[in-house]
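Trainee: give the three-dimensional model of this entry:
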Amino acid sequence: MRYWWVNQNQTYRAEVRGSFMWSPKQNANGARNQFYENMREVSPGDVVFSFCDTRIKAIGVVTGAAQTGPKPEFGSAGAYWAREGWFVPVEYCVLGNQIRPKDHAAMLRPFLPAKYSPLQQNGDGLQSVYLAELPRPLADALIGLIGQSYWDAYSTTAVLREVGEVPEEEATLVAGVVGPTFREQLVRARRGQGVFRSNVLLREESCRVTRVNEPRHLKASHIKPWRDATDGERLDGANGLLLAPHIDHLFDQGYITFSSSQELVIVPEVRDKLLDAWGIDAGVRIGDFSREQSAYLDYHRINVFKHSLLEG
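Mentor: Numbering: from 1, shown residues only. You can find the predicted model right below:
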């Protein structure tokens, strides 16, 4: 196991909520950057200390090796970054005890590495650092300062999600994508991981129907189905909703859809047999959609929703 420090001042919410780290592959001028190169050094099981706004706010466990991936929808953050970089999946847990390293500078100073340190001698963070490896003594010192909160978070993140196999027809479709760069990323997106899920999490706060807002219990569901979408649409956060698993099933299979007037539209089969059993509120107000989401929902209502069952 190795320990890492990730500086997420600009991207903390996106990366922790989306379960990933992302960096460019090199500086804007094309120069090599060791803190970006470190993305290729991490391995599943490594621990990541997430630093933001002068505090260590979360602990992460790496769940996969670095892969090439398009830049997530960070908004105004990183406007000058390249559109392609390194993507590393990470399971995070926010700490109950979020320490401020500057308050412990004297204790931590002897353990700081001479080269590529994530902290200055006075305990301030370094803006130029993205991902830095932590010597074991420094990691142990930080763990000691965080205390039981570290072990609680580690226990949570260590329970990794199991990812199912991609259906055969979708694997065939992916194999036909032009260019190898995004193939693996597209597969991971369909499995509910990767850039697609991250992009959806940047737009959606909770399930539109159940109001559950804990990401680990929600699926990133394509509005315009994977099989019908272009490569860009498959990773577009606007082409997704966060849905509870049972709502995702009904939406994906066309048993429900969402109207332009913020209403849940349900086929009689589901209305009669499943609403009460699954605790679905047929009168729930699902909220506003962006212009881009509305365009995808138009497609879903016309091409996915089971009109024949509704009419019958």
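
Trainee: mean confidence for stretch 106-114?
Mentor: Mean pLDDT, stretch 106-114: 94.

Trainee: just the CA coordinates for that stretch, please, in PDB.
Mentor: This file holds the C-alpha atoms of stretch 106-114, laid out as PDB (Å, rounded to 0.1, in the frame of the first residue of the first chain):
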ATOM      1  CA  ALA A 106       6.100  21.600  13.900                       C
ATOM      2  CA  MET A 107       5.100  18.000  14.300                       C
ATOM      3  CA  LEU A 108       4.800  17.300  10.600                       C
ATOM      4  CA  ARG A 109       7.900  19.200   9.400                       C
ATOM      5  CA  PRO A 110      10.500  16.400  10.100                       C
ATOM      6  CA  PHE A 111       8.500  14.000   7.900                       C
ATOM      7  CA  LEU A 112       8.200  16.200   4.900                       C
ATOM      8  CA  PRO A 113      10.000  14.800   1.800                       C
ATOM      9  CA  ALA A 114      12.900  16.900   0.500                       C
END
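
Trainee: could I get the buried residue list for that stretch?
Mentor: 108, 111-112 (16 or more other C-beta atoms under 10 Å). Just so you know, the C-beta spots here come from the backbone N, C-alpha and C atoms, and that holds for glycine as well.

Trainee: closest to residue 31 among those?
Mentor: residue 112 (24.4 Å; C-beta to C-beta).

Trainee: could you list the low-pLDDT ranges of this protein?
Mentor: Across the chain, the ranges flagged by pLDDT under 70 are 158-194, 308-312.

Trainee: dump the buried residues of stretch 106-114 to a markdown table, plus secondary structure.
Mentor: Rendered in a markdown table, the data for the buried residues of stretch 106-114 read as follows (DSSP: H, G, I helix; E, B strand; the rest coil):
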| residue | secondary structure |
| --- | --- |
| 108 | helix |
| 111 | helix |
| 112 | coil |
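
Trainee: out of the residues you listed, flag the one nearest to residue 40.
Mentor: residue 112 (23.5 Å).

Trainee: how near is the spatially closest residue to the closest one that is not a sequence neighbour to residue 260?
Mentor: In space, not counting the residues next to it along the chain, residue 112 is nearest to residue 119; the distance is 6.0 Å by C-beta to C-beta, 6 or more residues apart in numbering. Distance, residue 119 to residue 260, using C-beta to C-beta, to the nearest Å: 51 Å.

Trainee: out of the two, which sits in the busier spot?
Mentor: More crowded of residue 119 and residue 260, by other C-beta atoms under 10 Å: residue 119, with 24 against 10.

Trainee: tell me which stretches of the stretch 101-250 of the chain form helices.
Mentor: Assigned by DSSP state H, counting those that start in this stretch, the stretch 101-250 of the chain shows helices spanning 105-108, 136-146, 148-157, 168-175, 183-190, 194-201, 231-235, 245-252.

Trainee: hey, which of these is tucked in deepest?
Mentor: helix 194-201 (a mean of 27; mean count of other C-beta atoms under 10 Å).

Trainee: dump it to PDB, restricted to CA.
Mentor: C-alpha atoms of helix 194-201 as PDB (Å, rounded to 0.1, in the frame of the first residue of the first chain):
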ATOM      1  CA  GLY A 194     -16.100   6.800 -14.900                       C
ATOM      2  CA  VAL A 195     -16.500  10.200 -16.400                       C
ATOM      3  CA  PHE A 196     -20.200   9.800 -17.300                       C
ATOM      4  CA  ARG A 197     -21.200   9.100 -13.700                       C
ATOM      5  CA  SER A 198     -19.000  12.000 -12.500                       C
ATOM      6  CA  ASN A 199     -20.600  14.300 -15.000                       C
ATOM      7  CA  VAL A 200     -24.100  13.400 -13.900                       C
ATOM      8  CA  LEU A 201     -23.100  13.900 -10.300                       C
END
